[in-house]
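A.B. asks: have a look at this prediction, sequence included:
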Amino acid sequence: MNPYILPGNPRFVIIDYRASDEIINYLKKSDIVPIKTAKCCELQEPVDGHPDMVIHPVDHENFVVAPNVYDYYIDALKNTGINLIKGGTVLKKNYPGDIPYNVARVGKYAIHNLQYTDEVLKHCLESSGIEFIHVRQGYSKCSTTALNENTALTSDVSIYEKLKLHNIDCLYINPEIVLLKGYNHGFIGGCTGMIDDKAFLSTGKIRDEGILHTLKSFIHNAGCAYDEASGEQITDLGTIIPIV
């Protein structure tokens, strides 16, 4: 079961500490408690609050966390029932030292540049029966969102091609539509996600009408509803991590 897709509304979500008031209020009105990330000073400033850079949920109960911010999340998640596992790799500012936990999940697969995956996380995934797909893209979770066990979005060509080879129905989305201050653009995985197994959420609005129409059609064909958490331009905040 994909830990980023819950069977019902999450009680909590972990979200970038810089998320706008509009997005936070959207979550609260949906009876979801937002838990803001800590700033990870070892990462580049544009992504230093992105949940998917420092946390990987192996399943709904067990999260692997980078040692850099482990103590913060021990306290922040103490009332959620989540079991935290300290990762073995201390994150560093520059690639590939920043990618060890940024692993995408689609169905039974974990997708990543396996040369750099944290060994503790890799062991946890293997023990859970997860199969690995190696790709060139190190920011694979930033680049990918699963809609269900067999359907995904990605803004990376190498991931798109590999998922197709594994019979995953996949839509490529040009990353240039996504805002990420400090970089030329963000990625589709960092600005979208599933609030439950039928509710797809974007952090904001896609300005390109053609891409928006294609995306909505793909999401609806997957049996999901589309919603936006704000009227802002769609912005990469790192994947929102739901807690059941």
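C.D. replies: Yes, it's here. Residues are numbered from 1 along each chain as shown.

A.B. asks: go through this protein and flag its longest helix.
C.D. replies: helix 209-221 (DSSP state H).

A.B. asks: mind listing residues that contact it?
C.D. replies: L147, L153, L171, I173, N174, I177, F200, I206, A225, Y226 (CB atoms under 8 Å, 6 or more residues apart in numbering). Quick note: C-beta positions are derived from backbone N, CA and C, even for glycine.

A.B. asks: next: stretch 112-124.
C.D. replies: Counting by CB under 8 Å, 6+ apart, 56, 58, 62, 64, 66, 85-89, 96, 99-104, 132-138, 140 sit against stretch 112-124.

A.B. asks: what is the lowest-mean-pLDDT helix or strand in the chain packed up against?
C.D. replies: Ranked by mean pLDDT, DSSP states H and E, the weakest helix or strand in the chain is strand 192-196, scoring a mean of 93. Helices and strands touching strand 192-196, by 3 or more CB pairs under 8 Å, 6 or more residues apart in numbering; DSSP states H and E, are strand 144-148, strand 199-202, strand 241-243.

A.B. asks: go with 10 Å
C.D. replies: Contacts defined by 3 or more CB pairs under 10 Å, 6 or more residues apart in numbering; DSSP states H and E place strand 192-196 against strand 12-15, strand 144-148, strand 199-202, strand 225-228, strand 241-243.

A.B. asks: mean confidence score for stretch 56-71?
C.D. replies: Average pLDDT, stretch 56-71: 98.

A.B. asks: go on, stretch 165-176?
C.D. replies: Stretch 165-176 comes out at a mean pLDDT of 98.

A.B. asks: show me how far that stretch is from its chain's centre.
C.D. replies: Centroid displacement of stretch 165-176 relative to its chain, using CA atoms, centre = their mean, to the nearest Å, is 15 Å.

A.B. asks: contacts only, for V106.
C.D. replies: Going by CB atoms under 10 Å, 6 or more residues apart in numbering, V106 touches 2, 4, 133, 140, 144-154, 159, 163, 166, 168, 170.

A.B. asks: quick one, what contacts the residue nearest to G129 when sequence neighbours are not counted?
C.D. replies: Once flanking residues are discounted, G129 sits nearest to K108: 7.3 Å by CB to CB, 6 or more residues apart in numbering. Each residue near K108 by CB under 10 Å, 6+ apart is listed here: M1, N2, S128, G129, I130, E131, E149, H166.

A.B. asks: all helices for this structure, in order.
C.D. replies: Counting by DSSP H, the helices of the chain are 21-29, 51-54, 70-76, 119-127, 157-165, 209-221.

A.B. asks: can you put the ones you listed in TSV and add distance to I243?
C.D. replies: Shown next, in TSV, are the helices of the chain (distance: least, CB to CB, whole Å):
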stretch	distance to I243
helix 21-29	12
helix 51-54	11
helix 70-76	11
helix 119-127	17
helix 157-165	26
helix 209-221	23
